[in-house]
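**Q** Structure for the following, please:
(2 chains)
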Amino acid sequence: MTQEEQAKKIEEIYSEAGEKLKKLFAKREDIVRKYIKELEAQKVDAILASLDLSFNKE
Amino acid sequence: MGMDEFEKKKSALNDQLLEAQLTNDGGKVGELEKALQELEATKSSYESLQQQGGKISTAQAEQVDKFGGDTAVIEERAKDEGAGQEDIDKINADTAKKLAEITGEKVADNKQENPASALEDVPSDFIEKNKQILESETQLNALLLEIEKSRNELDKFRKDFPNNVSAGNEMMSNLSSLWEKRDELKARLEKLTFDPQKAEEERKEAVDAIKEELNKIPDMRPYDKEAEKAVVAKYYEKGDNFGFSDQEKETLNKYLNDIEGVLKAEERWFGGYSGAPRTRAEQLGNPENVIGQAEEKLQDVIKRLIENDDKRNLRMHVINYLIDSPENRFSLKTQKLLLQAYEKLDEGPMVSTIHSGTGEQMDFRPMYEKKVAALKKHIEEKTTPVN
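**A** Numbering: from 1, shown residues only, chains lettered A, B, ... in the order given. Have a look, this model is predicted:
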């Protein structure tokens, strides 16, 4: 393999790995956001439930 | 491949570049310069990602903590979806192995170190956007805590001063303002985090999932109309939640209406609304696909009754579909057939029912004519004449 061919091959390997990492990180970011949204929704539900309770007491 | 190996490769290419420059080989010089630039750029991009490492940001970790969550859950979920730390390490290890194979060198089993220079390669607008996202997320978090605090204060106030309604109302008004702020902030955050490519991918995935579910309908034997409706409702819900365009929503709604129309037609036809016995449905055979094919069956029935000049059954069953605005529920093909059915009946008096209350015969012609006029107008607007 010539130096140029090697360089080309190396570039391909980096490129492929980069794409894989990008997809994987995007998935992780998505998981984080969804989890935070879930937690937030739970919090909001708890607040709303609590509000309802306080209204009903009137 | 570590930095040294990369530098060696780069150095070898540089030597060739120098040689090409010395021998005035312009074509070769251009090729080598391009190869060097591409190599450097691709490597930097990969290393930049390595540096990023898919880690949860400090602000996000704080949010998880404040909401009473656990970041371990995130790692667990990532692991389940093939995006865990082990998966990251595997990509890096595979990459190192492949690079080593090119140079014929061995790779150590330990994880690769992340180059310190990588952050310089991250585009500034990317950093700015992420900064804004983090700020918004932090503000949102703070706002939620403020809302919770205000709500507790309001609760306590109402308990301590039950007769002071005006002050309580003012506190409630302040609390509402906080909720409005929260909505605004959430909208801003959603705008910042909106990724059209990802949204499109999610949309496609959702549509595929919906299609898959819809395809399950024929397997619902014996027919379970509640299950069918549940699938239809899910279709609508998902369509609404996955950022469909207005055009797509319109199509979706039309499809939903069509499905509901067909289900309604099925219920009437097979369920005995117009007196058709269930055995009739059995004679028609079980449709292979409830959605769409149910309407096809209806079309077959109308066609057959028209061909057989079976006015009695046309009047008793099919014509009833004219009453419920078929232009909103059925395909144009069915609408045209209903029109043909009416024209067939129009040859004779439209007196088919004895009024149950008085025993007096009723002439339904004016009512049908009104419906038919609306249907004709709709068909004319929407399509060419009947084939």
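
**Q** near chain A at all, the host helix or strand of B:Gln50?
**A** If you go by DSSP states H and E, B:Gln50 is part of helix B:26-52. Yes: contact of helix B:26-52 with chain A (C-beta under 8 Å from any C-beta of the partner chain) involves B:31-32, B:35-36, B:38-39, B:42-43, B:45-46, B:49-50, B:52. For glycine as for every other residue, the C-beta is placed from the backbone atoms N, C-alpha and C.

**Q** Of all pairs in those, which one is the farthest apart?
**A** For the residues of helix B:26-52 next to chain A, the farthest-apart pair by C-beta to C-beta is B:Glu31 and B:Gln52; their separation is 32.0 Å.

**Q** all strands for chain B, in order.
**A** B:353-354, B:361-362 (DSSP state E).

**Q** I'd assumed B:Ile306 was in contact with B:Leu337.
**A** Yes: when contacts are counted by C-beta atoms under 8 Å, B:Leu337 is listed as touching B:Ile306 (7.5 Å).

**Q** Which residue of these two possesses the greater neighbour count?
**A** More crowded of B:Leu337 and B:Ile306, by other C-beta atoms under 10 Å in any protein chain shown: B:Leu337, with 24 against 18.

**Q** burial measure for the nearest residue to that one once chain neighbours are set aside, as a count.
**A** Distance criterion C-beta to C-beta, 6 or more residues apart in numbering or on different chains; nearest residue to B:Leu337, sequence neighbours excluded, is B:Ile302 at 4.4 Å. By the measure other C-beta under 10 Å, the count of residues near B:Ile302 is 23.

**Q** again, but for the one 3 residues further on
**A** The burial count assigned to B:Leu305 is 22, neighbours taken as other C-beta under 10 Å.

**Q** before we move on, the earlier item: show me what contacts the residue nearest to B:Leu337?
**A** B:Leu314, B:Val318, B:Thr334, B:Leu337, B:Leu338, B:Gln340, B:Ala341 (C-beta atoms under 8 Å, 6 or more residues apart in numbering or on different chains).

**Q** Please name the residues that touch the third one.
**A** Listed by C-beta under 8 Å, 6+ apart, the contact set of B:Thr334 reads B:Glu295, B:Leu298, B:Gln299, B:Ile302, B:Pro326.

**Q** related to what we said a few turns ago, buried ones in the helix holding B:Gln50?
**A** Using 16 or more other C-beta atoms under 10 Å in any protein chain shown as the test for burial, helix B:26-52 gives B:28-29, B:32, B:35-36, B:39, B:42-51.

**Q** Show the pLDDT at B:Met220.
**A** Note for B:Met220: predicted pLDDT of 45.

**Q** That should have said A:Ile47, apologies.
**A** 69.

**Q** helix/strand/coil for the spatially most central residue of chain A?
**A** Taking C-alpha atoms, centre = their mean, the centroid of chain A lies closest to A:Glu29, which sits 1.6 Å from it. Using DSSP: H, G, I helix; E, B strand; the rest coil, the structure places A:Glu29 in helix.

**Q** just the one 3 residues further on next, same as before
**A** Here A:Val32 is helix, with the state taken from three-state DSSP.

**Q** ok now do it, which residues does it touch?
**A** B:Ile56, B:Gln60, B:Ile74.

**Q** Run through the residues that contact the second one.
**A** The contact partners of B:Gln60, by C-beta under 8 Å, 6+ apart, come to A:Val32, A:Ile36, B:Leu134, B:Glu137.

**Q** Let me know the pLDDT of it.
**A** 78.

**Q** do the lengthiest helix in chain B and chain A meet?
**A** In chain B, assigned by DSSP state H, the helix with the most residues is helix B:124-160. Yes: for helix B:124-160, a contact with chain A is found by C-beta under 8 Å from any C-beta, at B:Glu137, B:Leu140, B:Leu144, B:Ile147, B:Glu148, B:Arg151, B:Leu154, B:Asp155, B:Arg158, B:Lys159.

**Q** Let me know the closest of these to B:Ala199.
**A** B:Glu137 (19.2 Å).

**Q** okay, now the closest residue to the closest one other than its chain neighbours: neighbour count?
**A** Excluding the flanking residues, the one nearest B:Glu137 by C-beta to C-beta, 6+ apart is B:Ala59, at 5.6 Å. Using other C-beta under 10 Å, B:Ala59 has 17 other residues around it.
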